[in-house]
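Kindly return the folded structure for what I paste below:
(chains A, B and C)
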Amino acid sequence: MTALYQQYRNQILFSLMAGLLILVALIQSLSVSLTILNLCLISAIMALGVNIQWGYAGLFNVGVMGFAALGGLAGVLISMPPVSDAWQAGGFGILLGLVITIGTVVTCLFAWSRIQHLRRQRYWIIAVIIISGYALLRIFFDPGVDAVESINPSVTGYLGGLDLPILVAWPVGALFAAGIAFVIGKIALGLRSDYLAIATLGISEIIIFFIKNEEWLTRGVKNVNGLPRPVPYEIDLQQAQWFQDWAMAVGMPVDDSSAVFVKICYALLFIAVIGILLWLSETALKSPWGRMMRAIRDNETAAAAMGKDVTWQHLRVFVLGSAVIGLAGAMLTTLDGQFTPVGYNPLRFTFLIWVMVIIGGSGNNWGAVLGGFFIWFFWIEAEPIGLWLINALTSGMDPQSAVRAHLLEGAAHMRLMTVGIILLLTLRYAPEGLIPEKKRL
Amino acid sequence: MSFLLGEQMTGGYGAADILHNCSIGVEKGEIAVIVGPNGAGKSTAMKAVFGMLPLRKGQVMFDGEDVTQLKPEERVVKGMGFVPQTHNVFTSMTVEENLEMGAFIRTDSIDDSIAQVYDLFPILKEKRKQPAGELSGGQRQQVAVGRALMTHPKVLMLDEPTAGVSPIVMDELFDRIIEIARLDVAILMVEQNAKQALEIADKGYVLVQGQNRFTDTGESLLANPEVRRAFLGG
Amino acid sequence: MTDFFNALTLLGNFLIIPGLTYGSQLALGALGVTLVYGVLRFSNFGHGETMAFGAMVTILVTWGLQSLGLSIQPLPTALLAIPVGILATVVLTLLIDRFVYRYHRERKANPVIFLIVSIGVMFFLGGLIRFIIGPGDQIFFDGTRFILKAREFKQMTGLNEGLSLKMTQAVTIITAVIIVAAMFWFLNHTRTGKSMRAYSDNENLALLSGINPDRVVLITWILVAALATIAGTLYGLDKSFKPFVYMQLLLPIFASAIVGGVGNPIGAIAGGYVIAFSELILTFAYKKVVLYLGPDNMELESLVQFLGTDYKIAVSFIILVIVLIIKPTGLFSGKTI
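Next up is the predicted model:
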């Protein structure tokens, strides 16, 4: 029995997952089940990104949220139509601000390389450059920002995007995340692991603050709604003759079936992405490069002694993994059709993804994907299950009882507790996760 | 039967044994020195006596009692003191606090013992409020020895006490070690500076590949031409 | 001259008093993080939730006392309830250590594994707290609100600007000073405290010296629980209690601990104030101060602010990043990283 399980473990576990989704389709509805599936797929991609960093290289990145948000931002900047009034009003100031920022950074880097011999003074020199650059920035930038934000603030109030197809945003989101990851990696990868964790956590918060507050770019807490779609709109489908015929044939009401159809389109797109990513990751893992990465992870000192540039390899993996997370972030915004900066919180976007990787099996791509599926499924379904459980458990109690009311109210928070317990149990009793890393030679 | 005796010790950290039927002993008031080439298992032998190495065979007798099964901490309580080769002081704590920590297992007053250590190492009294991490290498070694002395051990084990200190400091440290031995303490130490160490040793053990090669008084070992040629550089 | 005092009052009211208050809260939090790091050697991501748990129990007891009509006017009743909160949190942390951390400690797990374990604890506690008290805002402050009202100050001094001191601010600062003093007395002058420092400094040598590691761990968790409860309650009294806020607080607390030098208690305290004051100094609008100090007919359009108030929390990370680049061991050189 166990031998059989060992042999077909992946198939069994993935069938189990499929079974759960089918169960939801039967009990709740097909539409709910597909919504869960789509988010499962995106979670799985994020988990893949984290797994590339943690599983391949042992890098502890707790900035998942920031990279996902950058991907989401790419969705806005690529797909939304530009706001020409805003560009006219404040575009120049903002572009100038951008130039000043780049100029300041370049000056800093240049100065830094030239004044290494000055010991303490060099910090002061850099500080002076930064402060004067910042002052200059504020002088030109602030009026531009004010101008942009005052253009029809209830609808736009920002610069808008490039009006390109939103699918372009996916690779661009990956690029955004990769760029920031490169900078973070340069700063923090030389430090020990829990420092990297805290640094990434901090930087991801800064990214979110930036996105929430720089309204000229992101509309901030006012959200960007109505992002264009890569798939048909329900309303168009409902009016199309071929679709009405098809809905007839399947025997579903047209409005329901259009929603389902759209979700299936998304799911197919996502599955294609995840398929490509899995293929790439598996190939990379089997390649000499993958072997080297595992060698570095398992014994950094020995690998360094053998002449491997550990920090450089770490940087590459960090950038790659973050790019995958950025991609997933862009996909999420695409699926939502809107960009909501307040929605990004570390519990949901960082720690939950980590739980997925650990429980799925760190170091194993299929494990990360499965973890993404299982945990997201649980995260969504825990509430109805918990409610049902507490209802059942307290059914003997007086319906007016305050205890029962409190328990029912608290059911929503059971999932936090349960996820915590699952994580703790996994770490203790099955530290390798559901699908352990393959032992390769 | 020696006061402290590791008999026929065989064992190692993993599958392979490092020690093979190795025996080390020392009497009260005596200085015993373990010398040998690099990788001979000198430090391992000492660690085995102190219980930091699992033994497959052999036993350790201390003061007429079999202590083979005791953990290092328990041997400290029994009266064994150990000075590791590195990381042997609490660097962030003052000299005096280091001594206090050395006496942690004692419940009686420790002022006398501290005074005694200061008598032995006067420089420590001067520096008693300084963090041990700020001291020089030789002074640190003094703190390390002083810390181990705080429990009034009946046997003091030193793992390369003179590693990394200048020859002058080394001589000074050896003088102090002789003084400690005169207090009726048994001293067992591992030394790289074989010649100088054997000069002060009552008993010397030359280990090669985890086995006893020569065992004699320090003087005779120094006089032994074979030992001189092979281990003392002529 | 009056202008100078007006400017000074402004700074006192909006920078110094709030900075000292927030700094004290961060310092107490960072002290807990640094103790765990020093003795148990991992970054405890569950610390924010531990603070929230302690505050929650204190709140529940405070409500109980309030309904019984017990109070210690003019001080907030919560002060009376803190010991119960500490006790409950001590029990909680010891249970968690017994059933969660001890297993990994015995296996000498990698610090990153501990970190992930602490994330699990964070989830668990977060859920538990929300389950018990709900995710909403809870107000449990009572007693006198102000020790010194801005209006009274103006009457007293005849200045334009007022200086106010809230009871919660005074309580926070004074409690922090007492706790920190007690903490340092304990660490530097008691046998147990010294044994904790010794264990944190050199675990193997501590074992050789006969220091019992289980006892050190036990004492550490007790202290951490007490510090977390006090910090959590003071923060809740001063602002308000909301479970989510405590997770956000974790970040500035880590920043404080690292900026000061993680594992170093003095560093944790200094770090707390450094972070608190940097946040306020960088986001304070100096317009009025400049107007007071400048020539009489001066006009100023800008707010004279380095960063928007929205960026308050971001400041702590920016400082963290700068410290990481320039001096990763922190201002007071903690454990070498």
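
what helix or strand is residue 280 on?
No chain was given, so I picked chain A. helix A:254-286 (DSSP states H and E).

please go with chain C instead
Short version: residue C:280 belongs to helix C:265-283, going by DSSP H and E.

any bit of that helix sitting next to chain B?
No: shown here: helix C:265-283 not in contact with chain B (CB under 8 Å from any CB of the partner chain), separated by at least 10.8 Å. (Glycine included, C-beta is placed from N, CA and C.)

where's that helix relative to the chain centroid, distance-wise?
10 Å (CA atoms, centre = their mean, to the nearest Å).

who does that helix touch, helix- and strand-wise?
Judged by 3 or more CB pairs under 8 Å, 6 or more residues apart in numbering or on different chains; DSSP states H and E, helix C:265-283 is in contact with helix C:17-35, helix C:167-189, helix C:243-260, helix C:312-326.

out of those helices, which comes closest to residue C:63?
Nearest of the helices and strands packed on helix C:265-283 to residue C:63, taken as CB to CB: helix C:243-260 at 16.4 Å.

Name the nearest residue to whichever residue of the stretch 51-200 of chain A sits closest to chain C, sequence neighbours excluded.
Here the stretch 51-200 of chain A gets closest to chain C at one residue, residue A:194, 4.3 Å apart by CB to the nearest CB. Distances taken as CB to CB, 6 or more residues apart in numbering or on different chains place residue C:43 nearest to residue A:194, at 4.3 Å, with adjacent residues excluded.

Residue of the stretch 51-200 of chain C closest to chain B, please.
As assessed by CB to the nearest CB, chain B sits closest to residue C:198 within the stretch 51-200 of chain C, at 4.6 Å.

doesn't that residue fall inside a helix?
Yes: the assignment for residue C:198 by DSSP: H, G, I helix; E, B strand; the rest coil puts it in a helix.

what's the pLDDT at residue A:282?
We have a pLDDT of 89 for residue A:282.

need the residues of the stretch 1-150 of chain A near chain C, please.
Taking CB under 8 Å from any CB as the criterion, the contact residues of the stretch 1-150 of chain A with chain C come out as A:58, A:60, A:123, A:134.

Adding pLDDT, neighbour count and secondary structure, write the residues you listed out as TSV.
Output for the residues of the stretch 1-150 of chain A next to chain C, formatted as TSV (pLDDT from 0 to 100; neighbours: other CB atoms under 10 Å in any protein chain shown; DSSP: H, G, I helix; E, B strand; the rest coil):
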residue	pLDDT	neighbour count	secondary structure
A:58	86	20	coil
A:60	90	23	coil
A:123	81	14	helix
A:134	88	16	helix
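
Adding distance to residue C:129 as columns, could you present the residues you listed in a markdown table?
Written out in a markdown table, the entries for these read as follows (distance: CB to CB, whole Å):
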| residue | distance to residue C:129 |
| --- | --- |
| A:58 | 32 |
| A:60 | 25 |
| A:123 | 42 |
| A:134 | 40 |
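
If we only consider these, which is nearest to residue A:92?
For these, the closest approach to residue A:92 (CB to CB) belongs to residue A:134, at 19.3 Å.

which one is the closest one nearest to, not counting chain neighbours?
By the measure of CB to CB, 6+ apart, the closest residue to residue A:134 outside its immediate chain neighbours is residue A:104, 7.4 Å from it.

which SSE is the residue lying farthest from the centre of chain C in?
Here chain C reaches farthest from its C-alpha mean at residue C:297, the gap being 42.8 Å by CA atoms, centre = their mean. In the assignment (DSSP H and E), residue C:297 maps to no helix and no strand.

ok, residue 55 - contacts?
Just going to use chain A. Taking CB atoms under 8 Å, 6 or more residues apart in numbering or on different chains, we find residue A:55 in contact with A:357, A:362-365, A:368, A:437.

ah, no, chain C please
Counting by CB under 8 Å, 6+ apart, residue C:55 touches C:85, C:229, C:232-233, C:235-236, C:241, C:246.

quick one, phi psi at it?
Backbone geometry at residue C:55, expressed as degrees, to the nearest 10, gives phi -60, psi -40.
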